[in-house]
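Peer 1: with the sequence up front, the predicted model follows.
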Amino acid sequence: MTTLSITINGQVHGPTEVRDDLSMNDFLREHLGMTGTKFGCGAAQCLSCAIIVDDPDGTSRTSPTCVVSAASFDGKAVRTVEGHARDGALSVLQTAFIEHFAFQCGYCTAGFLNEGQVLLERLEKTPVPRAELEATIAEALDGHLCRCTGYVKYHEAVRAVIVADSKRYLV
Ligand code: FES
Ligand code: FES
């Protein structure tokens, strides 16, 4: 057993005892009832289970949760899909996903949303030239699998958010 303390969407959870082999996915879904994070391949191949990890150096990244132990997140701050809306209002990216019909079954959506959010925050700190935008989005979303093949729509939705606020994200 391991003692786990973790901040999820700004809320501290723990300390609590968890099995060493408990996955982060099971911790979120089964222990905390946060079922927005999905379980797809279970083999770090689809990223439908990805969450955001906010590292101490101020950078953020996504991490799969299916093959990663909950214990390995001890002391960390993470964000899940449940944390994107504020006071009942969807985030700009969530709204764009809907407006662009980005998802169908929605199983992959939390992963794409988290990845897109990390990209937006990265571009806010380090904008890229407009000419590099398509490749930047494609590279960021690469690795996320959508069985309903919504790749183009996800890409378009992320692009729309960036282009609509180009002073913030582009140079
Ligand atoms: S369920 Fe975790 S990468 Fe597919
Ligand atoms: S919307 Fe169905 S898997 Fe992506």
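Peer 2: Nice, I can see it. Ligands and ions are numbered 1, 2, ... in the order given.
Peer 1: how close does the residue nearest the centre of the chain sit to Gly10?
Peer 2: Here the mean C-alpha position of the chain is nearest to the C-alpha of Asn114 (C-alpha atoms, centre = their mean), at a distance of 1.9 Å. In this view, Asn114 and Gly10 are 15 Å apart by C-beta to C-beta, to the nearest Å. (Glycine included, C-beta is placed from N, CA and C.)
Peer 1: pLDDT score for Gly150?
Peer 2: Looking at Gly150, its pLDDT is 89.
Peer 1: coming back round to it: quick one, what contacts the residue nearest to the centre of the chain?
Peer 2: 50-52, 62, 79-81 (C-beta atoms under 8 Å, 6 or more residues apart in numbering).
Peer 1: right, and Leu28 touches Val68 too?
Peer 2: No. The pair Leu28 / Val68 is not scored as a contact, 11.1 Å apart, by C-beta atoms under 8 Å.
Peer 1: between those two, who's got more neighbours?
Peer 2: Leu28 (26 against 17; other C-beta atoms under 10 Å).
Peer 1: can you classify the more buried one by secondary structure?
Peer 2: Three-state call for Leu28 (DSSP: H, G, I helix; E, B strand; the rest coil): helix.
Peer 1: ok, now how distant is it from ligand 2?
Peer 2: Separation of Leu28 from ligand 2 (C-beta to the nearest ligand atom, to the nearest Å) stands at 19 Å.
Peer 1: and the gap between Ala138 and Asp74?
Peer 2: Taking C-beta to C-beta, one finds Ala138 at 34 Å from Asp74.
Peer 1: between those two, which one's more packed in?
Peer 2: Asp74 (15 against 12).
Peer 1: pairing partners for the helix or strand where Leu4 lies, with directions?
Peer 2: Under the criterion of DSSP states H and E, Leu4 resides in strand 2-8. Sheet pairing for strand 2-8, assigned by DSSP bridges, gives strand 11-18 (antiparallel), strand 77-79 (parallel).
Peer 1: what separates it from the chain centre, distance-wise?
Peer 2: 19 Å (C-alpha atoms, centre = their mean, to the nearest Å).
Peer 1: try stretch 12-32
Peer 2: So, by C-alpha atoms, centre = their mean, the centroid of stretch 12-32 is 18 Å from its chain's centroid.
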